[in-house]
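Participant: fold the following.
(2 chains)
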Amino acid sequence: MSDDIKKYFNGLLHKVSGLHVIQITDRDGVPLLRVSQEKNLDFALMPSFIPTFTTACDQASKLGLGRNKTIISMYSNYQVVQMNKLPLILTFVGAENCNTGHILALEHQVDGYLEDIKQAVTEA
Amino acid sequence: MESQLEKVLAEIAARQDTVGALLANRQGLCLGAKGNINPSVSGIGMAISEQVAKLEPNSAVPATICLYSGNMRCVIQKDGEITGVIFKQQAAAQAGSAAN
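Facilitator: Residues are numbered from 1 along each chain as shown, chains lettered A, B, ... in the order given. Have a look, this model is predicted:
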């Protein structure tokens, strides 16, 4: 099962040009699955990276616009798209010129593949 | 601010057989959409246009992509930083002759 999911996300990684990393973690930042190009992007695994998103997401949900679903962070060299799929957090790290719209369009496609992981996290 | 953009989209959407139209920026994010078209198509539309542009890297003229599917057509064109995606319905007469 896990191999299938990994293969699927590896396929996604190659479909979106400029995408370096796809990472699935729980809301505390514990990595569950990670696929990446050769480029080493260790900052995506920094202990503070995911919990900061969780906090930002919780705060953004208080703006009265409904539940926060996605946060896009643009940096000078990278862009990070994080999706709130509680109990999971989906993180995409790409080049600054990567197709953000394409990454966002993946949101509904991956839902089916996340169900099994979600269930495993909920049961744990 | 985007009134000019909306005017252009309204003009495109008002044309015969057009179902919907949208414009995307260089990051594949939807700048505006008119008619029956999902704004999340912008990213994939731009990805397709970028891949097609690689076929003729030295061409100065922007490529126009036309995807046929059932009785619908999707026309994509990238011009500079803007990508346009138009969904068109096949005219009844055309659809009939294509089936024959």
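
Participant: which bits of chain A sit near chain B?
Facilitator: Proximity of chain A to chain B, by CB under 8 Å from any CB of the partner chain, involves residues A:Val16, A:Ser17, A:Asn97, A:Cys98, A:Asn99, A:Thr100, A:Gly101, A:His102, A:Ile103, A:Leu104, A:Ala105, A:His108. (Each C-beta comes from the backbone N, C-alpha and C, glycine too.)

Participant: how about the residues you listed in a markdown table, adding pLDDT and secondary structure?
Facilitator: Output for the residues of chain A next to chain B, formatted as a markdown table (pLDDT from 0 to 100; DSSP: H, G, I helix; E, B strand; the rest coil):
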| residue | pLDDT | secondary structure |
| --- | --- | --- |
| A:Val16 | 90 | coil |
| A:Ser17 | 87 | coil |
| A:Asn97 | 89 | coil |
| A:Cys98 | 91 | coil |
| A:Asn99 | 92 | coil |
| A:Thr100 | 93 | helix |
| A:Gly101 | 93 | helix |
| A:His102 | 92 | helix |
| A:Ile103 | 93 | helix |
| A:Leu104 | 93 | helix |
| A:Ala105 | 91 | helix |
| A:His108 | 86 | helix |
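
Participant: where does chain B have low pLDDT?
Facilitator: Along chain B, the parts satisfying pLDDT under 70 run over B:92-100.

Participant: and the strands in it?
Facilitator: All strands of chain B, identified by DSSP state E, fall at B:18-24, B:30-35, B:64-69, B:72-79, B:82-89.

Participant: will you turn these into a markdown table that also has mean neighbour count and distance to B:Glu2?
Facilitator: Compiled in a markdown table, these are given as follows (neighbours: other CB atoms under 10 Å in any protein chain shown; distance: least, CB to CB, whole Å):
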| stretch | mean neighbour count | distance to B:Glu2 |
| --- | --- | --- |
| strand B:18-24 | 22 | 10 |
| strand B:30-35 | 18 | 6 |
| strand B:64-69 | 12 | 24 |
| strand B:72-79 | 18 | 18 |
| strand B:82-89 | 22 | 13 |
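
Participant: dump these to TSV, plus distance to A:Pro31.
Facilitator: Shown next, in TSV, are the strands of chain B (distance: least, CB to CB, whole Å):
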stretch	distance to A:Pro31
strand B:18-24	32
strand B:30-35	32
strand B:64-69	38
strand B:72-79	37
strand B:82-89	35
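
Participant: which stretch among those comes nearest B:Ser3?
Facilitator: Smallest distance to B:Ser3 across the strands of chain B (CB to CB): 10.4 Å, for strand B:30-35.

Participant: and the residue of chain A that's closest to chain B?
Facilitator: A:Gly101 (2.6 Å; CB to the nearest CB).

Participant: where does chain A dip in pLDDT?
Facilitator: A:1, A:39-47.

Participant: before I go, just wanted to say thanks for your time.
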